[in-house]
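Chemist: what follows is a predicted protein model with its sequence.
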Amino acid sequence: MDQTERADSESEARERALHRARELRSFYSHASVFALVNIALFVVDLLTGDSWWFYWALLGWGVALGIQALTVFGQFGPFSPDWEERKTEEILQRQRDRDNR
């Protein structure tokens, strides 16, 4: 591998690492806001009402947070870390095969 190829490879690795760090930061920010807002909703519900309603927001938002967690940390199906790369290669291969006909 020559100098240029090595630099390109390192650049690609850095881009992947940066992308992963951004995914993680986004998830942790989302989880923090989820916790703070739902604690506040629980307190408001506790102080104001006869019936419990805060859990609807907890449930709906929790599903969205769970999907994001699967996307960031999942190890299966379209949630696995390398799924996008494998799928991209598969699509490119199909295009090459179609072009060679």
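Modeler: That came through, no problem.
Chemist: helix or strand with the lowest mean pLDDT in this protein?
Modeler: helix 83-99 (a mean of 87; mean pLDDT, DSSP states H and E).
Chemist: which parts of this structure are helices?
Modeler: Listed in chain order, the helices found in the chain under DSSP state H are 3-48, 54-73, 83-99.
Chemist: could I get these as JSON lines with mean neighbour count?
Modeler: C-betas here are computed from N, CA, C, even on glycine. Formatted as JSON lines, the entries for the helices of the chain read as follows, by neighbours: other CB atoms under 10 Å:
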{"stretch": "helix 3-48", "mean neighbour count": "11"}
{"stretch": "helix 54-73", "mean neighbour count": "14"}
{"stretch": "helix 83-99", "mean neighbour count": "10"}
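Chemist: worst mean pLDDT among these?
Modeler: When the helices of the chain are compared on average pLDDT, helix 83-99 comes out lowest at a mean of 87.
Chemist: relative to helix 3-48, how tilted is that one?
Modeler: For helix 83-99 and helix 3-48, the angle between their directions (axes from the mean of the first three to the mean of the last three CA atoms, to 10 degrees) works out to 130 degrees.
Chemist: for helix 83-99, C-alpha coordinates in CSV please.
Modeler: The C-alpha atoms that make up helix 83-99 are tabulated as CSV, following Å, rounded to 0.1, in the frame of the first residue of the first chain:
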residue,chain,number,x,y,z
TRP,A,83,-25.5,-3.2,7.7
GLU,A,84,-25.4,0.0,5.6
GLU,A,85,-21.9,-0.8,4.3
ARG,A,86,-22.9,-4.4,3.4
LYS,A,87,-26.1,-3.2,1.7
THR,A,88,-24.3,-0.6,-0.3
GLU,A,89,-21.8,-3.2,-1.6
GLU,A,90,-24.7,-5.5,-2.5
ILE,A,91,-26.5,-2.7,-4.4
LEU,A,92,-23.2,-1.8,-6.2
GLN,A,93,-22.6,-5.4,-7.2
ARG,A,94,-26.1,-5.7,-8.6
GLN,A,95,-25.5,-2.5,-10.7
ARG,A,96,-22.2,-3.9,-11.9
ASP,A,97,-23.8,-7.2,-12.9
ARG,A,98,-26.6,-5.4,-14.7
ASP,A,99,-24.1,-3.1,-16.5
